[in-house]
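# here are the coordinates; sequence isn't available:
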């Protein structure tokens, strides 16, 4: 078994893997000033962006939950990977061949390369399935696609393939490519039966299910032949790669349009996603064998972003501030039940939530076949607010021509209105409910809503917790950060920010600051780590060699005590108040000058206190020396102020 990855290769991965690109696969990032980007934190639920990334430094930090680190830390946390697996994943992204220490022991509980091996197995399997689609044995699969309006180009664009009917065709192919039986079993590509190991998918059309990164982690397969007694659709089982509650089919293809349009259309099947995309609705995705849940909602919210308090507001033009989530459901009872589930998940969104239902009951694939792409786009454009759909679907079960029917409908609908997350919308839907029911007494309807128990209570704010299968990391105690309202502490903080982020603009005098130049213990500890890392003398060569502050900040973190490391990352990522490139150099110099001036002032106060305690007659020489030092320091402060 390979040992630890060589340190120089780990550093090369940190430098070559652009953190803004890796983070951008999970979070919509926007400019937040010179060299800074921000978005919604992927590690906790939030409405306003507090997650900052500084590409030049190669670090991220969330000012909401405190999570921070470099690109390797991000991949570890967002994908639940071990250190070695995260490095190997990134190395694959940047095309770096890793080297391992001979005889070194891997980290406990980690198997170097396991995830990459499973990813590679899925990649080979996808290629195999796609090649098989053009064989004579796959005629039924090609006919299935053709009958639904999908040609070979469409099949290729979506990676559709065919799993042969043979017992172990894929397994033999993968074993010929060097994969072991244990790896294939772990991947979910094969199953264990009484007759041994065999292909999980046989005689089926196969769709690759990919992560946001575009890597295939599982498959969905539809039966084609009458002798296949299995379910109509069969998906990859839960594996180290594939968690059905964490994947959305088509998300890799939809993410760019989704980020641009701030809209996602959730459909119910693989062919529906294809039909939507081919009809010009490039934001369509589908769940894989499970209902749309809170984990799916978090994926979508991160990509759509957030617009703060205005999220979920629909304008007169029909557009929505804060984005849109559109569910397509059948108009039958099952569709209404699915809409009610979506109503529960609506509390996870700041976007406006809608339902698009085709009146005759056709799904998007059938609609495209029958009426063309224009009808598919019209279905999405004619969406109905989810609240209205759920309420009116509930009312449809009652005879509103009778008093008994109206009262029964009111009792059924009132809890739904009471459960609407937006307190500002509840009065409006109360008024609408009164009209839909045909009850003129709006006060009685309002009392019914106010007295009802919400059918779906808004989810309380919470941070995401790892599942029981993920390793739980014991949090490291952090050194208390000084109150930012303290003006002196704020100057100390800003000085450290510029030294970490732009050491090339800091005057060399900074290295001459004494150890007590920082009054706040936390900032003094960071300053000590900067001095231990070599100060500006080391920072500038590192800056030139790497083209950014990545290596410099890493060197400081390596020297810092454990409780201080997260603070170093926070300071290295924090947006600087000055965001004009032409003024940045003057700003940096001014910040350091203010810090030096505070040091002079502190020194002057100490000298004056010492003079007051001294007896000039008992020891005139010592008194004169202290007085001369006071005059000299005051002169230096005066010169500093004049130069500033």
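Happy to help now that I have it. Note that this is a predicted model, so its numbers are computed, not measured. Residues are numbered from 1 along each chain as shown.

# From start to finish, how long is stretch 139-155 in a straight line?
14 Å (C-alpha to C-alpha, to the nearest Å).

# In three-state terms, label residue 234 for me.
strand (DSSP: H, G, I helix; E, B strand; the rest coil).

# For stretch 191-201, buried residues please.
197-201 (16 or more other C-beta atoms under 10 Å). Backbone N, C-alpha and C define where each C-beta goes, glycine included.

# And stretch 122-138, by the same measure?
122, 124-126, 128-130, 132-133, 138.

# cool, stretch 592-603 as well?
Buried-residue list, stretch 592-603, by 16+ other C-beta under 10 Å: 592-600, 603.

# Just those: which are in helices?
592-600, 603 (DSSP state H).

# possible to save these as a markdown table with distance to residue 563 and pLDDT?
Below are those laid out as a markdown table (distance: C-beta to C-beta, whole Å; pLDDT from 0 to 100):
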| residue | distance to residue 563 | pLDDT |
| --- | --- | --- |
| 592 | 26 | 79 |
| 593 | 30 | 81 |
| 594 | 27 | 83 |
| 595 | 23 | 80 |
| 596 | 27 | 78 |
| 597 | 29 | 78 |
| 598 | 25 | 79 |
| 599 | 25 | 78 |
| 600 | 30 | 78 |
| 603 | 29 | 79 |
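
# Redo those residues as a markdown table? Include distance to residue 266.
Formatted as a markdown table, those follow (distance: C-beta to C-beta, whole Å):
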| residue | distance to residue 266 |
| --- | --- |
| 592 | 53 |
| 593 | 56 |
| 594 | 53 |
| 595 | 53 |
| 596 | 58 |
| 597 | 59 |
| 598 | 56 |
| 599 | 59 |
| 600 | 63 |
| 603 | 65 |
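
# Show me the shaky parts of the stretch 201-350 of the chain.
305-322, 330-350 (pLDDT under 70).

# swap that for the chain, please
Using pLDDT under 70, the chain drops low at 1-3, 80, 102-113, 305-322, 330-351, 455-479, 545-548, 579, 640, 642-644.

# if we can go back for a sec, relative to residue 152, which of the buried residues of stretch 592-603 is nearest.
Among the buried residues of stretch 592-603, residue 592 lies closest to residue 152 (C-beta to C-beta), at 64.3 Å.

# list the contacts for that closest one?
Contacts for residue 592 (C-beta atoms under 8 Å, 6 or more residues apart in numbering) come out as 495, 498-499, 506-507, 509-510.

# can you check residue 69 too?
59-60, 77, 569.

# any idea how far residue 199 is from residue 138?
Residue 199 sits 15 Å away from residue 138 when distances are taken as C-beta to C-beta, to the nearest Å.

# Same check on residue 533?
61 Å.

# Same question for residue 585.
65 Å.

# Now a PyMOL select for only the buried ones of the contacts of residue 592.
Applying 16+ other C-beta under 10 Å to the contacts of residue 592, the buried members can be selected in PyMOL as follows:
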select buried, resi 495+498+499+506+510
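
# can I assume residue 64 is in contact with residue 50?
Yes: between residue 64 and residue 50 there is a contact under C-beta atoms under 8 Å: 3.8 Å.

# can you list residues touching both of these two?
Contacts common to residue 64 and residue 50, judged by C-beta under 8 Å, 6+ apart, are residue 41.

# Now do the contacts for residue 489.
Here residue 489 is in contact with 482-483, 519-520, 523 (C-beta under 8 Å, 6+ apart).

# hmm, who's touching stretch 156-175?
121, 124-126, 128-133, 135, 137-138, 141, 145, 150, 154, 181, 184, 189-190, 197-199, 201-208, 216, 221, 225, 253, 270, 273-274, 277.

# Among the residues you listed, which lie within strands?
Among the contacts of stretch 156-175, the members found in strands (DSSP state E) are 190, 197-199, 204-208, 216, 221.

# Can you tell me which of the residues you listed is closest to residue 409?
residue 207 (41.8 Å).

# For that closest one, grab the count of nearby residues.
By the other C-beta atoms under 10 Å criterion, the neighbourhood of residue 207 contains 29 residues.

# how about it, what does it touch?
Residue 207 touches 158-160, 219-221, 249, 270, counting by C-beta under 8 Å, 6+ apart.

# now do residue 76
Residue 76 touches 82-83, 86, counting by C-beta under 8 Å, 6+ apart.

# Could you give me the buried positions within the strand or helix carrying it?
Assigned by DSSP states H and E, residue 76 belongs to helix 71-79. By 16+ other C-beta under 10 Å, the buried positions in helix 71-79 come out as 71-79.

# cool, and stretch 236-254?
Result for stretch 236-254 [16+ other C-beta under 10 Å]: buried residues 236, 239-254.

# The contacts of residue 592 in helices, which ones?
Those of these lying in helices (DSSP H): 495, 498-499.

# Relative to residue 11, which of those residues is nearest.
residue 499 (21.3 Å).

# My guess is the closest one contacts residue 508. True?
No: contact status for residue 499 versus residue 508: not in contact, 11.7 Å apart, counting by C-beta under 8 Å.

# which residues are common contacts for those two?
residue 536.

# quick one: contacts for residue 116?
85, 88-89, 92.

# same thing with residue 210?
216-217, 251-252.

# Distance check, it against residue 275.
19 Å.

# and if you look at residue 493?
In terms of C-beta to C-beta, residue 493 sits 54 Å off from residue 275.

# now swap in residue 529 and tell me
57 Å.

# from the chain's centre, how far out does stretch 270-284 sit?
24 Å (C-alpha atoms, centre = their mean, to the nearest Å).

# tell me which residues in it are buried?
Per 16+ other C-beta under 10 Å, stretch 270-284 contains these buried residues: 270-279, 281-284.

# element containing residue 9?
helix 7-16.

# Tell me which residues are up against that helix.
Under C-beta under 8 Å, 6+ apart, the answer for helix 7-16 is 58, 70-72, 87, 90-91, 94, 96, 98-99, 546, 550-551, 554.

# quick one: residue 4 and residue 87 touch, right?
No: assessed by C-beta under 8 Å, residue 4 is found out of contact with residue 87, at 10.0 Å.

# Would you check that residue 540 makes contact with residue 503?
Yes: using C-beta under 8 Å, residue 540 is in contact with residue 503, at 6.4 Å.

# distance of residue 564 from residue 61?
14 Å.

# the helices in the stretch 301-450 of the chain, which residues?
Per DSSP state H, counting those that start in this stretch, the stretch 301-450 of the chain carries helices over the ranges 333-345, 364-371, 373-381, 386-395, 403-418, 426-437, 442-451.

# who wins for proximity to residue 619 among these?
Nearest to residue 619, of the helices of the stretch 301-450 of the chain and by C-beta to C-beta, is helix 333-345 at 79.4 Å.

# leaving aside the residues next to it on the chain, what's closest to residue 276?
residue 284 (3.4 Å; C-beta to C-beta, 6 or more residues apart in numbering).

# One more: residue 252?
That would be residue 210: by C-beta to C-beta, 6+ apart, it lies 4.3 Å from residue 252.

# hey, what's the one you found bridged with?
Residues in a beta bridge with residue 210, per DSSP bridges, are residue 216.

# Let me know the secondary structure of residue 237.
coil.

# Please tell me how far it sits from residue 528.
52 Å.

# can you check residue 194 too?
Residue 194 is 66 Å from residue 528, by C-beta to C-beta.

# related to what we said a few turns ago, need the max-distance pair from the contacts of helix 7-16.
Farthest pair in these, by C-beta to C-beta: 58 and 99, 21.6 Å.

# who's more crowded, these two?
residue 58 (27 against 12).

# correct me, but the more buried one touches residue 557?
No: if you go by C-beta under 8 Å, residue 58 and residue 557 don't touch, sitting 11.1 Å apart.

# Could you check which of residue 564 and residue 61 is surrounded by more residues?
residue 61 (26 against 22).

# Any idea what the more buried one is bridged to?
residue 52, residue 68.

# got the contact list for it?
By C-beta under 8 Å, 6+ apart, the contact set of residue 61 is 51-52, 67-68, 569-570, 572-574.

# Tell me the buried residues within those residues.
Of the contacts of residue 61, these count as buried by 16+ other C-beta under 10 Å: 51-52, 67-68, 569-570, 572-574.
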